[in-house]
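# Sequence below, structure please.
(chains A, B, C and D)
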2 protein chains.
Amino acid sequence: MARPSKPKLSTQSIADTALKLVDAHGEFTLPQLAKELSVSASSLYNHVQGKTEIIELMRGQAMSAISLAHVDSSSWQEAVRQIATSYWESYSKHPKLIPLLTSHTVRDRTALRVYDALAKVLEQAGFNPSSLLHAITIIDSFVLGSALDAAAPSVVWEADEESSHAFKEALNGGLRDPHRSEKSFLIGLKVVLAGLESLLLHHTDDHSVRT
Amino acid sequence: MARPSKPKLSTQSIADTALKLVDAHGEFTLPQLAKELSVSASSLYNHVQGKTEIIELMRGQAMSAISLAHVDSSSWQEAVRQIATSYWESYSKHPKLIPLLTSHTVRDRTALRVYDALAKVLEQAGFNPSSLLHAITIIDSFVLGSALDAAAPSVVWEADEESSHAFKEALNGGLRDPHRSEKSFLIGLKVVLAGLESLLLHHTDDHSVRT
DNA sequence: ACCTGAACACCGTTCAAGT
DNA sequence: ACCTGAACACCGTTCAAGT
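The predicted structure follows:
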């Protein structure tokens, strides 16, 4: 009992174990986590400020998996594709984590690193500052939305009697594909890249968009 | 006390009040909600199965603002653009609601209505069932991700010393635009639509996507 | 049918006490 | 410094009792 000669806990082991619980059940409680670590719930507070900080630790854990080292910059499209894919992949490894992250604001270094990489590539490609920010926002929105889609239960939509024939048929065919979410992401990424290219070609003037 | 001659509650008033709480605080508890409705927490269970159903009701409430009546179907691109925009707008009115929605299956009729409308338009345009589901997923991901972006604080990204020149410059120019998020969404929607068109033209074979 | 209040098994967090 | 166990104010949900 009481203080052991060697600490039983560390932020690392807390983050790992919490992430394991979230991966398995989509949520975690401090008693659960403490039990898994063979410790009492109050002990966690010696290493961590509270549940919120544990969630932040898990975010860092997921983001650290993003590799930017070997980005092929032979073309900006290819570079963006690789960064976005890596980003999506690291989130998709822990899909159930995403809903826990969206309520907070993302602003740590590990995340900024990714946006920096995108900015450099897009600048090189010739995007002006304004278009560059739109492009990053569009990519970010799409990746995040797609990761959320991957996080959703496998039956995202449940059609009922009133549903249209077209929708039901699409669901019947598509929803049993275990890679549906990933395929949609990859196709969508192509779609976005193709569109960004045309944005680059026409953005010399201030793109007037009807609101 | 006990049963009143006229019911004090309805699913409608429960949904309205819960949404008000979420808009204000980003979350809600049953005791809070009950208090706001001048009722005891257990009374809610006469109208609703539990907290989960209340979340679904809020989804319906947000979605019901989407108008599909006057969709201009002169072209499928225009129809999709209108549906997606209306979809984004109604979510953006309740940004704090979005994180609560992401972990549940969509069962609400009002929500399914929107996907039905998209499915019909896309079928008419010539998408086959598989591509159709990808197209809906891509649109949904992008709209949801963009709504999350709109939900974020006005300073979405905070550059630090390590940030690249390109990124900082883009942030300086772009972040003070109060309509940045909406503009990005509208530009991105164009981008997505242009890309979907090329998807439609090439999807006769099963689009092989490298994983 | 619809509201109440008591009750249950939880939860996150605090804190004195131990080494 | 680091763990424990008791304690606190919560939470979602159930249910007998009232009309």
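# CA atoms for contacts and neighbours, from now on please.
OK.
# these two touch, right, residue A:146 and residue B:134?
No: applying Cα atoms under 8 Å, one finds residue A:146 not in contact with residue B:134, separated by 11.2 Å.
# Look at the two and report which has more neighbours.
residue A:146 (30 against 23; other Cα atoms under 10 Å in any protein chain shown).
# what helix or strand is the more buried one on?
Assessed by DSSP states H and E, residue A:146 sits inside helix A:129-151.
# the helices in chain A, which residues?
If DSSP state H is used as the criterion, the helices of chain A fall at A:11-25, A:30-36, A:51-63, A:76-92, A:98-101, A:109-125, A:129-151, A:165-174, A:180-202.
# quick one: pLDDT of the most centrally placed residue in chain A?
Nearest to the geometric centre of chain A sits residue A:91, at 3.7 Å (Cα atoms, centre = their mean). Model confidence at residue A:91, given as pLDDT, is 85.
# so it touches residue A:62, yeah?
Yes: between residue A:91 and residue A:62 a contact is recorded at 6.5 Å, counting by Cα under 8 Å.
# and chain A, which residues reach DNA strand D?
A:1-4, A:6-9, A:38-44, A:46-47 (Cα under 7 Å from any atom of the strand).
# Show me how the record splits chain A into domains.
Listed by automatic domain parsing, the domain ranges of chain A are A:1-48, A:66-201.
# now the first one, how far from the chain's geometric center?
What that stands for is domain A:1-48. 24 Å (Cα atoms, centre = their mean, to the nearest Å).
# picking that back up, any idea which of the domains of chain A is most buried?
domain A:66-201 (a mean of 19; mean count of other Cα atoms under 10 Å in any protein chain shown).
# ok, is that one in contact with DNA strand C or not?
No: using Cα under 7 Å from any atom of the strand, domain A:66-201 stays clear of DNA strand C, coming no nearer than 12.2 Å.
# can you tell me which residues contact residue A:127?
Going by Cα atoms under 8 Å, 6 or more residues apart in numbering or on different chains, residue A:127 touches residue A:200.
# could you measure it against residue A:110, distance?
24 Å (Cα to Cα, to the nearest Å).
# Next: residue A:49.
21 Å.
# Kindly report the same for residue A:93.
17 Å.
# just checking, residue A:78 touches residue A:84?
No: counting by Cα under 8 Å, residue A:78 stays clear of residue A:84, with 9.9 Å between them.
# Now do stretch A:58-67: distance from first to last residue.
First-to-last distance for stretch A:58-67 - Cα to Cα - comes to 17 Å.
# Show me which positions of it end up buried.
Residues of stretch A:58-67 classed as buried: A:58-63, A:66 (neighbour count, 16 or more other Cα atoms under 10 Å in any protein chain shown).
# ok, and what's touching that stretch?
A:15-16, A:18-19, A:86-87, A:90-91, A:94, A:101, A:110-111.
# between those residues, which is nearest DNA strand C?
Using Cα to the nearest atom of the strand, residue A:18 comes nearest to DNA strand C of the contacts of stretch A:58-67, at 10.7 Å.
# For that closest one, give me its contacts.
A:28, A:33, A:54, A:58.
# try 7 Å
A:28, A:33 (Cα atoms under 7 Å, 6 or more residues apart in numbering or on different chains).
# From residue A:57, how far off is residue A:49?
For residue A:49, the distance to residue A:57 - Cα to Cα - is 11 Å.
# Comparing those two, which shows the higher neighbour count?
For residue A:49 versus residue A:57, neighbours defined as other Cα under 10 Å are more numerous around residue A:57 (19 against 10).
# Quick check, the more buried one in contact with residue A:15.
Yes: here residue A:57 reaches residue A:15: they are 5.7 Å apart, a contact under Cα atoms under 7 Å.
# just to revisit the earlier point, would you turn the buried residues of stretch A:58-67 into a markdown table with distance to residue A:179 and pLDDT?
Putting the buried residues of stretch A:58-67 into a markdown table (distance: Cα to Cα, whole Å; pLDDT from 0 to 100) gives the following:
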| residue | distance to residue A:179 | pLDDT |
| --- | --- | --- |
| A:58 | 25 | 93 |
| A:59 | 24 | 87 |
| A:60 | 26 | 86 |
| A:61 | 24 | 90 |
| A:62 | 21 | 87 |
| A:63 | 22 | 83 |
| A:66 | 21 | 87 |
